[in-house]
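1. sequence and predicted structure are below.
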Amino acid sequence: MVLRKIVNINEELCNGCGRCIPKCAEGALQIVNGKAKIVKDTYCDGLGACLGECPQGAITITEREAEAFDEKAVHEYLKNKEQHVATELPPTTIASKTPSKPQWPVKLNLAPLEAPFYQNVNLLLVADCAPVVLKNFHEKFLQGKRVLIGCPKFDDARAYAQKLAEILKRNHVMGITVVYMEVPCCSALKWVAHKSVQDSGKQIPVTEHIITIGGEIQ
């Protein structure tokens, strides 16, 4: 342990907006349970590149005893982190990066192509019937995700795919979880998810869940 300068986050002021995350080149900051936190002291160089990014003024530089900054450890950490994103991002990591501010709108047809709530998050692409049929839907799927709702039976699935692809191109989406009903028409939502990722030209993991008409996760 050494006495050095390091980032300090006032949790009472922090609202979990996530604007500080992209400015930390070392990846030392993450959103955990709706608050920005230092992942590990050795990853924070204490230079304060994240200062001024917080609209709430929750980030300051303090001097305290901490483990020394380890540039080699940061390099390995970022390398492993990139590999996870390219393959399969763990749900806990996805959730920890999710801002806590409300999102609006949620309908895919109405959703903007660019918005702060798309950054560093896992999108939940869900058939509009699913939250009604599955009684514990919020507990099972909503935590740590941003939501886009649609119905491929009454809307144009190709238009969905085109719009979602554009959203993926313009924003830093880390993963897509698609939840749809077991009825045949609803499976088009799965196609929308995979087609949009393909057309975006990005490597974004897609996770699929089917809800039965009896209200169970298949």
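-> Nice, thanks for sending it over. Numbers count the residues shown, from 1 in each chain.
2. can we go C-alpha only for contacts and neighbour counts from here?
-> Noted.
3. shaky segments in the protein?
-> Scanning the chain with the threshold set as pLDDT under 70 gives 81-102.
4. any chance you could map the helices in it?
-> Counting by DSSP state H, residue ranges of the helices within the chain are 71-86, 91-96, 130-133, 137, 157-170, 188-200.
5. could you dump these into CSV with mean neighbour count and distance to Tyr43 added?
-> As requested, the helices of the chain are exported to CSV (neighbours: other CA atoms under 10 Å; distance: least, CA to CA, whole Å):
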stretch, mean neighbour count, distance to Tyr43
helix 71-86, 13, 6
helix 91-96, 18, 17
helix 130-133, 16, 40
helix 137, 16, 36
helix 157-170, 19, 28
helix 188-200, 20, 31
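6. out of these, which gets nearest to Ala111?
-> Among those, the nearest to Ala111 by CA to CA is helix 157-170 (9.1 Å).
7. that closest one packs against which elements?
-> Packing contacts for helix 157-170, counted by 3 or more CA pairs under 8 Å, 6 or more residues apart in numbering; DSSP states H and E, involve helix 188-200.
8. how far off centre is the helix it packs on?
-> For helix 188-200, the distance from its own C-alpha centre to the chain's C-alpha centre is 18 Å (CA atoms, centre = their mean, to the nearest Å).
9. what angle do it and helix 157-170 make?
-> For the pair helix 188-200 and helix 157-170, the angle between their directions (axes from the mean of the first three to the mean of the last three CA atoms, to 10 degrees) equals 40 degrees.
10. want to throw the helices of the chain into a markdown table with distance to Arg64?
-> Converted to a markdown table, the helices of the chain look like this (distance: least, CA to CA, whole Å):
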| stretch | distance to Arg64 |
| --- | --- |
| helix 71-86 | 19 |
| helix 91-96 | 26 |
| helix 130-133 | 47 |
| helix 137 | 44 |
| helix 157-170 | 39 |
| helix 188-200 | 45 |
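11. how about these, which one is nearest Gly52?
-> Across the helices of the chain, Gly52 has its closest neighbour in helix 91-96 (21.8 Å, CA to CA).
12. circling back: so which of the helices of the chain is nearest Asn15?
-> Each of the helices of the chain was scored for nearness to Asn15 using CA to CA, and the closest is helix 91-96 (13.3 Å).
13. ok, now which ones touch Val183?
-> Contacts for Val183 (CA atoms under 8 Å, 6 or more residues apart in numbering) come out as Ile213.
14. the one 5 residues further on now?
-> If you count contacts by CA under 8 Å, 6+ apart, Ala188 has them with Pro152, Ala157.
15. how about the one 5 residues further on?
-> When the contact criterion is CA under 8 Å, 6+ apart, the partners of Ala193 are Leu125, Ala161, Leu164, Ile176, Val178, Val206.
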